[in-house]
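> the sequence and its predicted three-dimensional model are supplied below.
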Amino acid sequence: MATKIILDVDTGSDDAIAIMAAVLSPDIEVEAICTTWGNQCVDFTTDNTLRLLDAMGVKIPVYKGCDTAMTKYLTHDYIEAIPFAPVMHNGKPVIMHSEHLDLPEAKSMAQDMPAACFYVDYLRRTKEKITLVPVGPLTNLGLALRIAPDIAENIEQIVIMGGGSKEANLTPCAEANIWHDPEAAEIVVQSGAKIVWVPLDATHKACVTLDDCERFRSLDNFAGNFAAKQCEQRIIVHNARQPLEIPDAAAVHDALCIAYLIDESVLTDLRHCHVEIGLSGYGEGQTIIDQRAEVIAEERNSYFAFDADRFKFVDILCDCFKNCQVKQASGHN
Ligand code: RIB
Ligand code: CA
């Protein structure tokens, strides 16, 4: 039976690949997509999400979420993050997440209900537990849990793209999604729901190469071609700003959460441990992992992935993308 999920995205290039994989996988049923700020403002991340669903000819309700963190920016003593500068490539600036995905304007619109209210409404009404897959800042879910902590009872598990043990990106200690809203992340960690972390330690290992992009293109459909284009853009930025163990490769962070739901063995070193979120000082936004043996079982609030299988990851993506019946973005002339 397919795993029913709610995605929470800040669409972005890797969010887009995650959305395509989830929509195209027979093992996953996307109940709804919430959007949040993060890679771009929530107006742009919502528009990008709608453009992608329209291009795929898919109808999934989209709930627009928050445009900033719960409390972070109410103070002025947070650690500044230095975003990656654009990379000049063939005379043109290349960035990880463009304001607008290169797709036709969206025709569909987001629902009226705000994302945090949707979480409360849906999770209080549902008769079966559902898996949440947040792959951007956790602001929407953090708010919903503050409004109605009881909704955690109807959450099967929360598969979070975020955090890092030995890896960071936006500051020396923090990964972007968690750094953007550490308080929301801590509320989610304290919710009591089962949490699986898909952090940079795993996503940097499950990287996609230029050869893999050719595999995507050989599928000769919209999903394969669009994924190849997004990954090639990401590879340019990774090579220049965030080189991985393998040259000419890119992490596709968010899609690894979807791959995990399709085949858990793609995460090759998943450990049960205690995770807390750094909320101040130099460690703001850090995922602090406590693996000490004496951490008693009840204290262990998370499953945290320290490694992943990139070959299995790309195979899973190809298995999803091959189901795309759209030759090119509908609406593209
Ligand atoms: O740090 C990687 C995460 O930040 C990914 O979810 C990417 O889309 C950005 O949101
Ligand atoms: Ca994201």
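On my side now, so go ahead. Numbers count the residues shown, from 1 in each chain. Ligands and ions are numbered 1, 2, ... in the order given.

> nearest residue to the closest residue to ligand 1 within the stretch 151-300 of the chain other than its sequence neighbours?
Using CB to the nearest ligand atom, the point where the stretch 151-300 of the chain gets nearest to ligand 1 is A176, with a distance of 3.7 Å. In this view, the C-beta of every residue, glycine as well, is placed from N, C-alpha and C. Of all residues beyond its chain neighbours, the one nearest A176 is L170 (4.5 Å), with distances taken as CB to CB, 6 or more residues apart in numbering.

> is it true that that neighbour touches Q286?
No - at 10.8 Å, L170 does not count as touching Q286 under the criterion of CB atoms under 8 Å.

> more neighbours, these two?
The neighbour count for L170 versus Q286, taken as other CB atoms under 10 Å, is higher for Q286 (25 against 19).

> look up phi and psi at the more buried one.
Here is the backbone geometry of Q286 (degrees, to the nearest 10): phi -80, psi 140.

> what of A250?
With angles defined as degrees, to the nearest 10, A250 shows backbone torsions of phi -130, psi 140.

> report the contact partners of it.
Residues in contact with A250 (CB atoms under 8 Å, 6 or more residues apart in numbering) are 207-208, 231, 234-235, 237-238, 244.

> neighbour-wise, which of these leads?
Of the contacts of A250, with other CB under 10 Å as the count, V208 tops at 30 neighbours.

> which among the contacts of A250 gets closest to ligand 2?
Distance ranking of the contacts of A250 against ligand 2, using CB to the ion, places R234 first at 12.0 Å.

> skipping its backbone neighbours, what lies nearest the closest one in space?
With sequence-adjacent residues excluded and distances taken as CB to CB, 6+ apart, R234 is closest to A250, at 3.6 Å.

> beta-bridge partners for that neighbour, please?
On the basis of DSSP bridges, A250 is bridged to V208.

> so it versus P93, what's the distance?
Plainly put, A250 is 17 Å away from P93 if you go by CB to CB, to the nearest Å.

> check contacts around the closest residue to G164 other than its chain neighbours.
Counting by CB to CB, 6+ apart, L200 is the residue found nearest to G164 once chain neighbours are left out, at 3.8 Å. L200 makes contact with 163-164, 167-169, 175, 251, 253 under the criterion CB under 8 Å, 6+ apart.

> highest neighbour count among those residues?
G163 (30 neighbours).

> contacting residues around that one?
With contact taken as CB under 8 Å, 6+ apart, G163 is in contact with 175, 177-178, 185, 197, 199-200, 275, 286-287, 304.

> and of these, the nearest to A116?
Of all the contacts of G163, the one sitting nearest A116 is A185; the distance, using CB to CB, is 15.1 Å.

> just to check, the closest one is in contact with T139?
No - the criterion here is CB under 8 Å, and A185 misses it with T139 at 9.4 Å.

> which parts of this protein sit against ligand 2?
For the chain, the residues in contact with ligand 2 under the definition CB under 5 Å from the ion are 10, 12, 15, 135-136, 254.

> of these, which belong to helices?
Restricting the residues of the chain next to ligand 2 to those inside helices, with DSSP state H as the criterion, leaves 15, 254.

> if you rank the residues of the chain next to ligand 2 by neighbours, which is first?
For these, neighbours were counted using other CB under 10 Å, and D15 has the most, 32 neighbours in all.

> so which residues on the stretch 51-200 of the chain come close to ligand 1?
Listed as neighbours of ligand 1 in the stretch 51-200 of the chain under the rule CB under 6 Å from any ligand atom: 135-136, 161, 169, 175-177.

> quick one: low-confidence parts of the chain?
Counting by pLDDT under 70, the chain has low-confidence residues at 330-333.

> thinking again about what came up before, okay, the contacts of G163 in a markdown table with secondary structure and distance to D47 next?
A markdown table is the format used below for these (DSSP: H, G, I helix; E, B strand; the rest coil; distance: CB to CB, whole Å):
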| residue | secondary structure | distance to D47 |
| --- | --- | --- |
| E175 | coil | 25 |
| N177 | helix | 20 |
| I178 | helix | 25 |
| A185 | helix | 25 |
| W197 | strand | 29 |
| P199 | coil | 28 |
| L200 | helix | 27 |
| V275 | strand | 33 |
| Q286 | coil | 32 |
| T287 | strand | 30 |
| F304 | strand | 33 |
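
> follow-up on the earlier one: for the residue nearest to A176, what are its contacts?
Contact partners of L170, counting by CB under 8 Å, 6+ apart, are 81, 83, 176, 179-180, 285.

> element containing it?
Secondary structure assigned from DSSP states H and E places L170 in neither a helix nor a strand.

> got phi/psi on it?
When read as degrees, to the nearest 10, the backbone of L170 gives phi -80, psi -30.
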